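**Q** Just need the structure, nothing else, for what follows:
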Amino acid sequence: MSKRILAIAALLPLAFAFSDTAPVVSWSSHSSSTLNALPSHTQSLLDSILSSSDICGHDAIVFVDQPDLHASDLRILPSNTHIARSLASAPSSKQFPYVPSHAAADLSALLESAAARCQARLVSYAPGERRVSLSEATKHVVSLQFPPLGRLAQDRKDALLKHDALLSTELATLASSFPNHLVIFTGSSPLSFTKRAAPITSSIRNSTAGGILAHYQLLTPGLITTLIVTFFVLIPIIMVGMQALASIQSPLRNEVPKNFDAADKKNQ
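**A** This next block holds a predicted model:
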C-alpha cells in the first residue's frame, strides 16, 4: 500500500504540469521554413511561430482557437477527420501536445503583432458565420473562433467532430483565395477566475433545472461494473461463507462411561 501511495505522489507533479497546457498543431499548404525550423520543445511556441521572420511568406495565416482543448481530445480523433488528414499529408507539419496555454487576450495581441509586421489584414469570425470579404490581393491573418467543448467525454468528441467539419469547409474556401497558407490549431486557456465568477454563480443557481442527471454523469461504466461485482459476486460469497461457518457443529459429546457410579466416585 505504501509503495502505491509513493507512486501516486510521484505522478502528481506531472499531472499539475499538464493542467495548464494545450496542444498546438500546425500545418502548411506549401513547405514552410517556419515550421521546419521549430525546435522539438519550446515554452514560447506561438511566439516563435508568429514572430518568425519567414511567417510573412505565407499569403494567409489561419489561427484556429478551440478554447479548453486538451491533448486527449486530438488523440481520439478518427484518422479520416480533416485535422488528422492535414497533419499526415501536409508538406510541413508540427505537433506539440503540451504547450503552456495562453489567454484569449494574449493570443489576440500576438495575432495583431503578426498582422502589423506582415502588413496583413486581421480578420476574426466564427466558422460558418463569415460576413466579411477577403481580398486575394492582400495578405490576411484569419482568426477562427470556435465555442468551447462540452464537459463530458462524448459531448467533447461530438463537438470536436462537428467543429472539424466546419473547419474543413472553411479552409477549403480560404485555400481557393490563398493557396499558400499556414494553419495553427490550438486552444486558449479558460477565462480567469474573476471573469468566471458571475457565470459560475448563475450556473449554480440553475443547476437544479433538468435534474442532476442533466449536469453530471453519475453511473459511469466503472461504477456500474463495481456495483455488479459487489452485489452479485462478493455479497453472495460472503453470505454463503457466513452460513457455512454458522452450520459447523462440534462432533464431541459428553457421554457417561459404562458402569459409572456417581456415589462410588464421590466416596473415592
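**Q** contacts, neighbours, all on C-alpha from now
**A** Noted.
**Q** which of the residues in the longest helix anywhere in the chain are buried?
**A** Counting by DSSP state H, the longest helix found in the chain is helix 153-177. By neighbour count on 16 or more other CA atoms under 10 Å, the buried set for helix 153-177 is 156-157, 160-161, 163-164, 166-168, 170-171, 174, 177.
**Q** can you tell me the helix or strand for residue 227?
**A** Under the criterion DSSP states H and E, the helix or strand holding residue 227 is helix 221-229.
**Q** Tabulate the CA atom coordinates of that helix in PDB.
**A** Output in PDB follows, covering the C-alpha atoms of helix 221-229 (Å, rounded to 0.1, in the frame of the first residue of the first chain):
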ATOM      1  CA  PRO A 221     -19.100   2.200 -16.700                       C
ATOM      2  CA  GLY A 222     -16.600   1.700 -13.900                       C
ATOM      3  CA  LEU A 223     -19.200   2.400 -11.200                       C
ATOM      4  CA  ILE A 224     -21.700   0.100 -12.900                       C
ATOM      5  CA  THR A 225     -19.100  -2.700 -13.100                       C
ATOM      6  CA  THR A 226     -18.200  -2.200  -9.400                       C
ATOM      7  CA  LEU A 227     -21.900  -2.400  -8.300                       C
ATOM      8  CA  ILE A 228     -22.500  -5.600 -10.300                       C
ATOM      9  CA  VAL A 229     -19.400  -7.300  -8.900                       C
END
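**Q** And that helix, how far out from the chain middle?
**A** Mean-position distance between helix 221-229 and its chain equals 24 Å (CA atoms, centre = their mean, to the nearest Å).
**Q** Now that helix: buried residues?
**A** For helix 221-229, a neighbour-count test (16+ other CA under 10 Å) marks nothing as buried.
**Q** pLDDT averaged over it - what is it?
**A** For helix 221-229, mean pLDDT is 84.
**Q** What separation do you get for residue 165 and residue 103?
**A** 25 Å (CA to CA, to the nearest Å).
**Q** same thing with residue 88?
**A** Distance, residue 88 to residue 103, using CA to CA: 29 Å.
**Q** Can you list the strands that the host helix or strand of residue 122 pairs with?
**A** Counting by DSSP H and E, the element that carries residue 122 is strand 121-125. Using DSSP bridges, the strands paired with strand 121-125 are strand 140-145 (parallel).
**Q** Give me the angle between the partner strand and helix 153-177.
**A** Computed by axes from the mean of the first three to the mean of the last three CA atoms, to 10 degrees, the angle separating strand 140-145 from helix 153-177 equals 160 degrees.
**Q** Using PDB, write out every CA atom in strand 140-145.
**A** Extracted as PDB, the C-alpha positions of strand 140-145 are listed here (Å, rounded to 0.1, in the frame of the first residue of the first chain):
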ATOM      1  CA  HIS A 140      -4.600  38.100 -44.200                       C
ATOM      2  CA  VAL A 141      -4.300  36.900 -40.700                       C
ATOM      3  CA  VAL A 142      -7.600  35.000 -40.100                       C
ATOM      4  CA  SER A 143      -8.700  34.100 -36.600                       C
ATOM      5  CA  LEU A 144     -11.300  31.400 -36.400                       C
ATOM      6  CA  GLN A 145     -13.100  31.300 -33.000                       C
END
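**Q** residues in contact with the most centrally placed residue in the chain?
**A** Central residue of the chain (CA atoms, centre = their mean): residue 70, 3.6 Å from the mean position. By CA atoms under 8 Å, 6 or more residues apart in numbering, the contact set of residue 70 is 21, 22, 23, 187.
**Q** Quick check: residue 98 touching residue 71?
**A** Yes. Between residue 98 and residue 71 there is a contact at 7.0 Å, judged by CA atoms under 8 Å.
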